[in-house]
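Undergrad: Next input, structure requested:
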Amino acid sequence: MVRKHEVVAVRDQLGRPDDSGIEIKPKEDIVILEEGPSQVFQPDASLNLLLSDGSRGLLNTNKLGPADYTNSDLKTVSNPFNIHHEHFRTTDFKNAVTTTANWDITNHKVTFAGGGTVRSTQIHKGTAIISQARFSATLVGTPTLYLSTDGTNWELVTSGTLHTFTKTGTEIYWRADGSGANELSEVQIDNYL
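TA: Numbers count the residues shown, from 1 in each chain. This next block holds a predicted model:
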């Protein structure tokens, strides 16, 4: 196999090598990876991994600890460069208890037919005080957008505009309320500090 920048010497009719050669380049694939958020859970010490207990972890798998962590076990959530992307490909950050809109992981969007609310779980949890953030989204119609630093006190925001919180905190949640043909996709929460 001829690799990039290798030159194959060929002889002309007089038997002398032709140093212009032939350059064959392999096909190059470009893969773009987007690093996502990291959630760190720390369950109660009574649930620690016991090698003799198969319900607490399976050797040779990526599963350690109890089968289901609860939100109270969540210690931190961090995003690369403090930018959270929600592409609606999983339900990892869907608040299943309070979301009434259709979180569609097949078509990668939220639809609000008949009205509804979509709420995230904590998309950031740390120790630093959050005083501002920006909520940007691809919208169809005009769903109402909110951010919160505690999951209880919601502040109205405008897509793409930096928001300064009146109630600061150490966590970030997002919410959207919509109706009819409203849709929401490609959510990004950034500039939080």
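
Undergrad: Every contact and neighbour count from this point should use C-alpha atoms.
TA: Will do.

Undergrad: Sheet partners, orientation included, of the helix or strand His163 falls within?
TA: Element membership for His163 (DSSP states H and E) is strand 162-178. If you go by DSSP bridges, strand 162-178 pairs up with strand 116-119 (antiparallel), strand 124-140 (antiparallel), strand 144-148 (antiparallel).

Undergrad: so after that strand, what's the next helix or strand?
TA: Following strand 162-178 toward the C-terminus (DSSP H and E): strand 183-190.

Undergrad: same for that next one, what does it pack against?
TA: Counting contacts by 3 or more CA pairs under 8 Å, 6 or more residues apart in numbering; DSSP states H and E, strand 183-190 packs against strand 84-86, strand 109-111, strand 124-140.

Undergrad: most tightly surrounded among these?
TA: strand 109-111 (a mean of 23; mean count of other CA atoms under 10 Å).

Undergrad: quick check: mean pLDDT across that one?
TA: Regarding strand 109-111, the rounded mean pLDDT is 95.

Undergrad: What strands flank it, and is each parallel or antiparallel?
TA: Strand partners for strand 109-111, identified by DSSP bridges, are recorded as strand 102-104 (antiparallel), strand 183-190 (antiparallel).

Undergrad: Just the residues contacting the shortest one, thanks.
TA: By CA atoms under 8 Å, 6 or more residues apart in numbering, the surrounding residues in contact with strand 102-104 are Phe88, Arg89, Thr91, Lys94, Lys109, Val110, Thr111, Phe112, Val118.

Undergrad: Which one of those is nearest to Trp154?
TA: Val118 (13.0 Å; CA to CA).

Undergrad: Next up, identify which helix or strand the nearest residue to that closest one once chain neighbours are set aside is on.
TA: Nearest residue to Val118, sequence neighbours excluded (CA to CA, 6 or more residues apart in numbering): Thr99, at 4.5 Å. Using DSSP H and E, Thr99 falls within no helix or strand.

Undergrad: close enough to count as contact, Thr99 and Thr121?
TA: No. Taking contacts as CA atoms under 8 Å, Thr99 lies outside contact range of Thr121: 10.2 Å.
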